[in-house]
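Sequence and predicted model, in that order:
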Amino acid sequence: MGIFGFFSKEKKESLDQGLQKTSESIFSKLSKAVVGKSQVDEEVLDQLEEILITSDVGVDTTIKIIRRIEERVARDKYLNSSELDEILREEIASLLEENNTQDLLDFDIPSDKKPYVIMVVGVNGVGKTTTIGKLANLFKNAGKSVVLGAADTFRAAAVDQLILWGDRVGVPVVSHGMNTDPASVAFDAVKQGMDSGADIVIIDTAGRLHTKVNLMNELSKIKRVMQKFIPDAPHEILLVLDGSTGQNAFIQAKEFTKVTEISALAITKLDGTAKGGVVIGISDQFKIPVKYIGVGEKMTDLQLFNRKEFVDSLFKKK
């Protein structure tokens, strides 16, 4: 049994609200595209292409979706324009499934991985430290013990912020302060996690060093020192992206996949933007599963990503 339980009514309402701007933007544009049209023709498809691109789905993924709909039009000979939103829903859900993004209702911690070590990466300003705090809260509410490591030592605000989150959530934070060795922080955090029998250790890391090589070396060093205790640590490398930046999030994902092996994505700040399509595009282009999405500022507004519920909220008529 997973530790987060079923997709509750409260979570669903939060997701609906968080994706409302994107959903309303897509539907208003779709309505204009099909007005006076009885079937999906070339003109409708051209407008649909523009709608998806302006929703930050990305050009390559948009072309893939349009091609799939064209194949359905050719196969079925006739597609009613009023069915377009349902067709889109089906194709996007199918695309997410192909990209290893699962319907997460639960998050199972492998019983043989204790502590389960998560290293969190992402540029400054995307909500990385806040996401770690909310993630710690998710785990703690599920009855898991958590240790945080403040290894983003290049920004005083990052260390202080993580300590504040630790106090707020009620979990210990290992910190050596600013301008200290990040790897030694990670080392001590994993050691404390092992000594205390913690279920999960979450390590914050620097958002950006002045060159790509420096960033790669720093992350590699952090991994090496953790592996002195746990040979296969970190068990998960979570990249945090700001969904409201649209195409910038694509660029960040591209840069971080060059310097380290990303195994999961958290996409934040979806509630303040009509660019929610970025979730679809990033999942498709990088073939990395989306694991968490941020749909609000409350501590509980970081959710496990559920493909079915996401698509349902995205295409929910208001």
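Right, received. Where do you want to start? Residues are numbered from 1 along each chain as shown.

Where does the prediction get shaky in this structure?
Along the chain, the parts satisfying pLDDT under 70 run over 1-8, 77-78, 81, 99-108, 209-210, 317-318.

longest helix in it, by residue count?
Within the chain, and with DSSP state H defining each element, the longest helix by residue count is helix 59-76.

Now do whichever helix or strand comes after that helix and helix 59-76, the angle between them.
As assigned by DSSP states H and E, the chain's next helix or strand after helix 59-76 is helix 84-98. Per axes from the mean of the first three to the mean of the last three C-alpha atoms, to 10 degrees, the angle that helix 84-98 makes with helix 59-76 is 120 degrees.

which helices and strands does the helix or strand that helix 84-98 is followed by pack with?
For helix 84-98, the succeeding helix or strand toward the C-terminus, using DSSP H and E, is strand 116-121. Under the contact definition 3 or more C-beta pairs under 8 Å, 6 or more residues apart in numbering; DSSP states H and E, strand 116-121 sits against helix 128-141, helix 182-196, strand 200-204, helix 212-226, strand 236-242. Heads up, the C-betas are built off the backbone N, CA and C, glycines and all.

Select, out of the ones you listed, the one closest to L164.
Proximity to L164 (C-beta to C-beta) singles out helix 128-141 among these, at 8.1 Å.

Summarise which helices and strands that closest one is packed against.
strand 116-121, strand 146-150, helix 156-169, strand 200-204, strand 264-268, strand 290-294, strand 302-304.

Leaving out sequence neighbours, find the closest residue to G149.
A189 (2.9 Å; C-beta to C-beta, 6 or more residues apart in numbering).

Now for that neighbour, how many residues are close by?
27 (other C-beta atoms under 10 Å).

which ones are touching it?
V147, L148, G149, A151, V174, V201, I203 (C-beta atoms under 8 Å, 6 or more residues apart in numbering).

Next up, the contacts around the third one.
Going back to what we said before, that points to G149. Taking C-beta under 8 Å, 6+ apart, we find G149 in contact with V173, V174, S175, V185, A186, D188, A189, V190, V201, I202, I203, D204.
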